[in-house]
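[1] Take this sequence and fold it.
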Amino acid sequence: MVATLLCALLAIALVVAFHRFATESLVEEVTAAGGRVASDVEHNEVVSPLVERRDRNLQIVDPRGVVVAATPQLRGKPVMARFTPDSQNIAKSVVCGGVFPSGECNIVVAQTAHRKGQDWVVYSASPTVPPYVDPWLAATVAVAAAVLAAALTALGHRIVTASLRPVAGIRAELDKINETCPNRRVPFPPSQDEIYDLADSVNQTLARLQAAMAQQRNFTSDASHELRSPIAAMRAEVEDALYAPEETSVPTVGRTILGSLDRIEAIVRDLLTIAREDVGRPVEHEPINLAELVTTECDRRPHTGKRFVCSLEPGVVVTGDRTRLSRLLGNLIDNAERHAAATITFHVRQEPSPKRDARRFPNGIAILEVIDDGPGIDPDKRELVFQRFARLDTARNRHAGGTGLGLPIARQIAMAHGGTLQIEDSPHGARFVLRLPLG
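    Residues are numbered from 1 along each chain as shown. Here you go, the predicted model:
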């Protein structure tokens, strides 16, 4: 339909252009014929026939308005037109009816001939060019337009079919990909075009989905393992109490089971927190003074024998969710308390943002550091501690260690606030650095 419409418009445009060209050529011919006769009138040398073509008509009108000579078709008839030449001694117009056959229109050109000080008028006329110009020309243009429309349709169908063939291959491969074979990828077309880009985007999406599925499987396996340990401990304690009731007591069994229940509760709580962070909860926009947040968090914690040293720059304000930032700081302090020998140091300050981070930190960077004097973390293992349920060799003891989710949760909260959480170099111990956009 589009090809037919375009070809029809092209055919119409061509016929209109031919019609205009033919009309202009006809006006020039009629003007030339009348000009030749006007020149003869001025020299008193009018000869017959006045015109050479049968479809041309011509009249010579004297100063009194009387037709003194005419072509055979107009002999004995009045003047063909009522208009006279303008200041340039020539005028033209289209005249319908009158001395011409009914329903016929003619192009009439009037020219002035000066003879013995008087103005004579020579009218020359010819039928107008029909809209289709010529039957043969109209038929030729129509056939050419139809052939062109058919060719465009066939070519367009072929191009579209060839272009969509890789899409069909991509769709067929996607239909075969499921959770049992996530490592499969869609084929790339040979040409570097938009379909190639589509295949590349689909493969990247499949790679991310595969990584997410692998992470989910690992997370489920780790969570099951972490929950199975306290459950197994509780089961063993209850079975021991049932098999040898005289060797234990209800308070002893209760205290043991409560310890395992506390661990299960901590794991479930952290799992719920991670699930909420994974869905991308919106962050509240509350001004928070980092120095006050550190002071409040340190004051409310029970005495563990570890000394807190604070170097807090006042006026460092960020915008975010107070509850979630408190959870982030609490997780960092919990980690530091488990590994610190005696002292935990806090630093709060602000710095201007470098040019490469100007868009991420438009107003500057708020920095919070938590440093312990423990054994530290090797550089090649600094990213490992932010993986879920990951523990270093020094924290394999489940009674002394945490759930393995505290630091991943802390990083998720930092990223949700547009910041970063990293482990950086320190003379001794581990140094966690939180960077947030200044409010």
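[2] Quick check: which ranges of the stretch 151-300 of the chain have low pLDDT?
    Applying pLDDT under 70 to the stretch 151-300 of the chain flags the ranges 178-180, 279-280.
[3] Helices along that one, start to end?
    194-243, 250-278, 290-299 (DSSP state H, counting those that start in this stretch).
[4] tell me which residues in the second one are buried?
    By neighbour count with 16 or more other CB atoms under 10 Å, helix 250-278 contains the buried residues 253, 256-257, 260, 263-264, 266-267, 270-271, 273-274, 277. The C-beta positions use only the backbone N, C-alpha and C, and glycine is treated the same way.
[5] ok, now stretch 100-117?
    Across stretch 100-117, burial judged by 16+ other CB under 10 Å covers 100, 106, 107, 108, 109, 110, 111, 112, 113.
[6] The fifth one touches residue 89, doesn't it?
    No - Residue 109 is not in contact with residue 89 according to CB atoms under 8 Å; the separation is 11.3 Å.
[7] hey, what's in contact with both of the two?
    Shared between the contact lists of residue 109 and residue 89 (criterion: CB atoms under 8 Å, 6 or more residues apart in numbering) there are no residues.
[8] Need the pLDDT of residue 4.
    Looking at residue 4, its pLDDT is 93.
[9] Start at 36, not 1
    Will do, 36 is the new start, and the previous item becomes residue 39.
[10] thinking it is in contact with residue 185, fair?
    No - Residue 39 sits out of contact with residue 185 when judged by CB under 8 Å, with a separation of 9.0 Å.
[11] Roughly how far does residue 188 sit from residue 458?
    If you measure residue 188 against residue 458 using CB to CB, to the nearest Å, the figure is 65 Å.
[12] Those two - which one has more neighbours?
    Residue environment comparison for residue 188 versus residue 458 gives the larger neighbour count to residue 458, 18 against 15, counting by other CB atoms under 10 Å.
[13] ok, that one - contacts?
    Taking CB under 8 Å, 6+ apart as the definition, contacts of residue 458 comprise 412, 417, 420, 465, 466, 467, 468.
[14] ok, then the element right after the helix or strand harbouring it?
    Secondary-structure assignment from DSSP states H and E places residue 458 in strand 455-459. Note on strand 455-459: by DSSP H and E, the next helix or strand toward the C-terminus is strand 466-472.
[15] I'd like the mean pLDDT over that following strand, please.
    Computed over strand 466-472, the average pLDDT equals 94.
[16] Just the CA coordinates for that strand, please, in CSV.
    Presented in CSV, the C-alpha positions along strand 466-472 are these (Å, rounded to 0.1, in the frame of the first residue of the first chain):
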residue,chain,number,x,y,z
ARG,A,466,39.8,0.6,57.8
PHE,A,467,36.2,0.8,56.5
VAL,A,468,35.5,4.1,54.6
LEU,A,469,32.0,5.2,53.8
ARG,A,470,31.5,8.0,51.3
LEU,A,471,28.2,9.8,50.9
PRO,A,472,27.0,12.8,49.0
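[17] mind listing what it pairs with, with the direction of each?
    For strand 466-472, the paired strands and their directions (DSSP bridges) read strand 400-407 (antiparallel), strand 455-459 (antiparallel).
[18] and stretch 232-242, which residues are buried?
    By 16+ other CB under 10 Å, the buried positions in stretch 232-242 come out as 233, 234, 237, 238, 241.
[19] Looking at those residues, which one is closest to residue 106?
    Of all the buried residues of stretch 232-242, the one with the least separation from residue 106 (CB to CB) is residue 233, at 73.6 Å.
[20] Kindly provide the distance from that closest one to residue 199.
    Counting by CB to CB, the gap from residue 233 to residue 199 is 11 Å.
[21] just residue 48 next, same as before
    According to CB to CB, residue 48 and residue 199 sit 32 Å apart.
[22] Tell me which two in the contacts of residue 458 are the farthest apart.
    Comparing every pair within the contacts of residue 458 by CB to CB identifies 420 and 468 as the most remote, at 13.7 Å.
[23] Pick out whichever of the two has more residues nearby.
    Between residue 420 and residue 468, counting by other CB under 10 Å, residue 420 is the more crowded of the two (20 against 17).
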